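Colleague: Quick one: sequence plus predicted model below, questions after.
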Amino acid sequence: MKTEIRNDRAERKTTDKPAAALNKKDHLELYHQMVLIRRIEERAAALYQEGFIGGFLHLYIGQEAVSTGLISMRRPEDRVITAYRDHGVAINCGISAKQVMAELLGKETGISKGRGGSMHMADVSKNYWGGHAIVGAHIPIAAGMAMGDQYQGNKGVTICMFGDGAVNIGFFHEGLNLSKAWKLPVLWVCENNHYGMGTSVERATGLKEIQQRAEGYGIPHSRLEDGMDILKVREAAEDALEHVRSGKGPYFLEIVTYRYQGHSIGDPQRYRKKEEVTQWEKTDPIGIYSHTLTAEKIANKNELARIEEAVDREVEEAVDFAKTSPEPRLDTLFDYVYSGDNKNG
Amino acid sequence: MAEISMRQAISDALREEMLRDEKVFILGEEVGVWGGTYAVTKGFYEEFGEKRIKDTPISEAAIVAAGIGAALVGLRPVAELMTINFAFVAMDHIVNEAPKLHTMFGGQFKIPLVIRAPGGGGRQLGATHSQTPDAVFAHFPGLKVVSPGTPADAKGLLKSAIRDDNPVLFLEHAAMYQVKGNVPEDDFTEPIGVSKVQREGSDVTIVSYCRGLQLAMQAAQQLAGEGIEAEVVDLRTLRPLDMGPVLESFKKTNRAVIVEEGWMSYGVGAEVSARLYEEAFDYADAPIKRVAQKEVPLPYNRALEQSALPQVENVLAAVKEVL
């Protein structure tokens, strides 16, 4: 259930680059998003155990700084697409806690009307394109979206997020190659959380750093070692997005982070030691941000506590909303199989 | 009406739709500078330029996936696979992405994507380049699967496919590009999901599509010389499958033969005959027969290959069995 947010790195100095230059209101909004992701997922894990949620449930806990920082740097015309660990990205893109929770419970009021579940949340009105469950399959689709923008003369960057587990499948190769061949406006963001399911990066590839992959496609790249610090993520994202926006084609950004929970619910985690997780928990991204905000006197502890309390209420309201929302009607089974005429032969 | 080849009909459909709608573009291997491996897009690169005729790397997953992505953001891509045999390396995007994205996100996404691919055997290309796996693709709800047997249908159906908001797999036959037929000269479309009686008759129903339609029509002509009038029903679309004209014809003739070029097991004939038995069992005066490819990977040797592919004689023999 609800865990304590730790921060044993009180001495650490964070960035003071322009990406960190936010006003107080913006800072608090980002803090709110990170805490909301944490709490909504902790609540979801409990609801899963109680039988309210089925299927897979891939939690983002520990990685909140990556998505929150990255997406806070996007403009409305920038498209976002990600893999199946998508609840946090959904929140950051502006999908409400209610719509996320209702989708987890498979309700008609869910963001995908209960048809998608945990792994398939999208909101086209917010330029957020999901939520894709086949590892790496969304990578060449993202290239196509960027191509579509290039073709239509649209401004905007397609921001495509994926895990370290996705870089060893063919889709990754085909998508990255095409993006460079066609000079597409796409930002590839690899969230390196050290494990593809239970197989560590070292056991899955001969490379020391995943960013080296980009070299093979002629795509400029960088690696952020500290993906637990949201302000550093913002800084890295700012540079990467600037590259793509200036018309130079794709860019590859590797962000090192860590997932505190198992791959999905029910992961016995035989592939890592408890001490390793504990060590990473000392660099809790929410704890780091909380420290920055108070140490820099941007906000005081009471203000942050009020946000945390507000999040608790928001999560409970979302759970109530989801639980009391209607199930999809059974006579809508064939809705959305085809666009327009639903004739299915 | 003008008599033109299947190649010309498909080419005309593509060209007319590109002129009609700026959002239509073509991507695939050798579609541009080369002019298309089957010369379907010959001259397009010169006419429409690099932006709308996109040569891709040999990268089928990316071809289909990029088509999906471009369709998601408002374009109407026509992705060309050099042959349907290369669809297997793009399988996830054809059967697991394109047909799922609309439904899986509660109807938010539209995927107006056409995937064109020629298939079929008879050209001594060996086992990996000669397949007719139509039934495999027709298995997946969310995808539409179209396979015309005449130039007029090819043109009209391809135009409908391009204007459709759903992913459509458009299956052509590599050995049929020279086949000629009368095609209307005005801007016309043929509806997807509608079977069509191509020849009327009262003694037996032959159901087929694409290359099988040619066999069925040739067999019907020979049978007419023997005083047997076969009705030929062309499915034209495998999903959604329109059984209406098939059932109507079967209730009239009470005998049916189904002809397909793919393997018999789990095939189009299996589906159609099952539906006939389910919906019109009482009308059957004889067991339904299927004519299909022998269950082997197609050999290179010409005689061996031809012996494995369905021939007019096989259709004639099957008709004789049900009469």
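Modeller: Perfect, thanks for sending it. Because the structure is a prediction, the values reported are computed rather than measured.
Colleague: ranges for the helices of chain B?
Modeller: B:6-20, B:44-48, B:60-72, B:91, B:101-104, B:134-138, B:151-163, B:210-225, B:244-253, B:268-280, B:302-308, B:312-322 (DSSP state H).
Colleague: B:E295: which of those is closest?
Modeller: Evaluated over the helices of chain B, closeness to B:E295 peaks at helix B:302-308, with 8.7 Å, by Cβ to Cβ. From N, CA and C alone the C-beta is placed, and that goes for glycine too.
Colleague: Show me what counts as buried in the closest one.
Modeller: B:305, B:308 (16 or more other Cβ atoms under 10 Å in any protein chain shown).
Colleague: Dump the C-alpha coordinates for it into PDB.
Modeller: In PDB, the C-alpha atoms belonging to helix B:302-308 read as follows (Å, rounded to 0.1, in the frame of the first residue of the first chain):
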ATOM      1  CA  ARG B 302       7.400 -26.700 -63.300                       C
ATOM      2  CA  ALA B 303       5.500 -29.900 -63.700                       C
ATOM      3  CA  LEU B 304       5.600 -30.600 -59.900                       C
ATOM      4  CA  GLU B 305       4.400 -27.000 -59.200                       C
ATOM      5  CA  GLN B 306       1.500 -27.200 -61.700                       C
ATOM      6  CA  SER B 307       0.500 -30.600 -60.300                       C
ATOM      7  CA  ALA B 308       0.100 -29.000 -56.800                       C
END
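Colleague: Which neighbouring elements make contact with it?
Modeller: If you count contacts as 3 or more Cβ pairs under 8 Å, 6 or more residues apart in numbering or on different chains; DSSP states H and E, helix B:302-308 packs onto no helix or strand.
Colleague: ok, and what's touching it?
Modeller: Residues outside helix B:302-308 that contact it (Cβ atoms under 8 Å, 6 or more residues apart in numbering or on different chains): B:121-122, B:124, B:130, B:293-294, B:296, B:298-299.
Colleague: returning to what we had before: tabulate the helices of chain B (TSV), appending mean pLDDT and distance to A:M73.
Modeller: Output for the helices of chain B, formatted as TSV (pLDDT from 0 to 100; distance: least, Cβ to Cβ, whole Å):
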stretch	mean pLDDT	distance to A:M73
helix B:6-20	98	38
helix B:44-48	98	37
helix B:60-72	98	22
helix B:91	98	36
helix B:101-104	97	27
helix B:134-138	98	41
helix B:151-163	98	38
helix B:210-225	98	51
helix B:244-253	98	56
helix B:268-280	98	52
helix B:302-308	98	59
helix B:312-322	98	65
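Colleague: how many neighbours does B:E3 have?
Modeller: 10 (other Cβ atoms under 10 Å in any protein chain shown).
Colleague: So it is in contact with B:G181, correct?
Modeller: Yes. B:E3 is in contact with B:G181 according to Cβ atoms under 8 Å; the separation is 6.8 Å.
Colleague: and the residue of the stretch 151-300 of chain B nearest chain A?
Modeller: Taking Cβ to the nearest Cβ, chain A has its nearest neighbour within the stretch 151-300 of chain B at B:P240, 3.1 Å off.
Colleague: Need phi/psi at that residue.
Modeller: Here is the backbone geometry of B:P240 (degrees, to the nearest 10): phi -70, psi 140.
Colleague: That one: neighbouring residues, count only.
Modeller: 20.
Colleague: I'd say it and B:V146 touch.
Modeller: No. Look at B:P240 against B:V146 with Cβ under 8 Å: they stay out of range, at 10.3 Å.
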